[in-house]
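J.: model the following, please.
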Amino acid sequence: MGIALTFCSTYLLRPIGALIFGWLGDNIGRKSTVIITTIMIAISCIVMAALPTYAQIGITATWLVIICRIVQGMSSMGEIIGAEIYLTETIKPPMHYSYVAILPFLAALGATAALGVASLVTTQGFNWRYAFLVGAAVALIGSIARTALRETPDFIDAKRRIKRTFESVNKETEILKNNPIWTEKINLKTALALFLIRCPWPVFFFLTYIHCGNVLKESFGYSTVQVIHQNFILSIVEMLGVLPLVYLGCKIYPLVILKFRLILFTIFILITPYLLDNVKTPFDVLLIQSFIMFFVPDTVPAIPILYKYFPVFRRFTSTAFLYALSRAIMFVVTSFGCAYLMDYYGNTGLLIIIIPLIIGYMFGILHFEKLEKAAGNYPLKKTSSLFVTDIESA
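T.: Predicted coordinates:
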């Protein structure tokens, strides 16, 4: 219970961070919000690196660590979603599919670096505080570099149109209430579709990194150090799995890629409980982990398609909140639900959670496919290329 609570606790406050920084992104601008969140991450890393030990200041050290983790978790919502929206609104299709896909690759690279540090700490006595100093330096350099960025064209255009409306009349409040740019509502079905698409990843992260780690301990006597090392190898596989999507994003229509990956993944995941029950070596476990993380249902490289169906002045808040909410709910569900289901049904109990998630994911993909077809963006079967340019951005 304690491990499960620790695992999911860092995600519980992220929806609040999403609302705060989403509001800033939709009202102040994408550029400013990304800079603010990067600076916050840098400051929290500096504090973590310089923090006195528990032996020096007692329980205060624990509370400072918790506060820093909260700051990092909340600000990460503005950082991750802000960067994705910035590239989505700045770069034209089809290249923006690949450029936005680079961000998950870099996130996976960060996870690999973190596991690498954990491996060094547990095996070589490496000082973990140095990693936070490196992170703080990278964040500060990134913050300075981002001051040279320009605001996204979509946000500037929407602001300009609102300004023209203000200049055309004296009754600003009344005209604003009727302006379609400002009053455009979020389509609830579209919001639900994005939420369902976001839900599977936490479950499969838990399955591969946490549950399979327990399998290694219970079936093969792995120590914590050995599990960390295997997870480090797995993180490299996960990172490399994003690279083909970066390349294919500008070659093949993104929703086609997601559907193809889902078919392969569904076939494999249905037999995964049987495979886990019959593993013979730790390498067998690594193969199962690798396939899951290589083909896990996610949003890459279709992120720009999913985001563009949200109103410009609500895009940051809504997409960030849906992302954070899906993580918070699903990490709680997996941390507690999976443990109880596997106690009663073994590895087969995983399917009780996984099958509804796959169905929900497919519903989300089909919804955005329907929107794309209505907009004339979805490729026709008779065309020689699987990719077409977004009409609204052409």
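J.: where are the low-confidence patches of the protein?
T.: Across the chain, the ranges flagged by pLDDT under 70 are 1-11, 122, 124-126, 128, 145, 155, 157-183, 380-394.
J.: in it, which helix is the longest?
T.: helix 59-90 (DSSP state H).
J.: after that helix, next one along is what?
T.: Heading C-terminal from helix 59-90, the first helix or strand you meet, by DSSP states H and E, is helix 95-124.
J.: now that next one, how far from the chain's geometric center?
T.: Relative to the centre of its chain, helix 95-124 is centred 13 Å away, using C-alpha atoms, centre = their mean, to the nearest Å.
J.: if we go by neighbour counts, what in it is buried?
T.: Within helix 95-124, the residues that qualify as buried are 96-105, 107-108, 111-113, 115-122, counting by 16 or more other C-beta atoms under 10 Å. All C-beta spots, glycine's among them, are computed from the backbone N, C-alpha and C.
J.: endpoints of stretch 46-56, how far apart?
T.: End-to-end span of stretch 46-56 (C-alpha to C-alpha, to the nearest Å): 18 Å.
J.: do the same with stretch 18-36
T.: Length of stretch 18-36, first residue to last, C-alpha to C-alpha: 13 Å.
J.: and residue 149, how many neighbours does it have?
T.: By the criterion of other C-beta atoms under 10 Å, residue 149 has 14 neighbours.
J.: please report the distance of residue 37 from residue 326.
T.: Per C-beta to C-beta, to the nearest Å, residue 37 is found 19 Å from residue 326.
J.: of those two, who's got more company?
T.: The neighbour count for residue 37 versus residue 326, taken as other C-beta under 10 Å, is higher for residue 37 (29 against 22).
J.: pretty sure that one sits against residue 73.
T.: No: if you go by C-beta atoms under 8 Å, residue 37 and residue 73 don't touch, sitting 11.2 Å apart.
J.: and residue 26, helix, strand or coil?
T.: Secondary structure state of residue 26, per DSSP: H, G, I helix; E, B strand; the rest coil, is helix.
J.: what's the closest non-adjacent residue to it?
T.: Leaving aside its sequence neighbours, residue 26 sits nearest to residue 316 (C-beta to C-beta, 6 or more residues apart in numbering; 4.6 Å).
J.: quickly find the element holding the one you found.
T.: Here residue 316 is covered by helix 312-332, with elements defined by DSSP H and E.
J.: mind listing what residue 272 touches?
T.: Each residue near residue 272 by C-beta atoms under 8 Å, 6 or more residues apart in numbering is listed here: 288, 292, 347, 350.
J.: how big is the angle separating the helix or strand where it lies from helix 95-124?
T.: Following DSSP H and E, one finds residue 272 within helix 254-277. The directions of helix 254-277 and helix 95-124 differ by 30 degrees, with axes from the mean of the first three to the mean of the last three C-alpha atoms, to 10 degrees as the criterion.
J.: list the buried ones in helix 254-277?
T.: 254-258, 261-262, 265-266, 269, 272-273, 275-276.
J.: just these now: which is nearest residue 372?
T.: residue 255 (6.7 Å; C-beta to C-beta).
J.: surely the closest one touches residue 373?
T.: No: using C-beta under 8 Å, residue 255 makes no contact with residue 373, being 10.0 Å away.
J.: residue 185 reaches residue 318, doesn't it?
T.: No: in terms of C-beta under 8 Å, residue 185 does not count as a neighbour of residue 318; the distance is 10.4 Å.
J.: more neighbours: which of these two?
T.: Set side by side, residue 185 and residue 318 show more neighbours around residue 318, with 20 against 7, by other C-beta under 10 Å.
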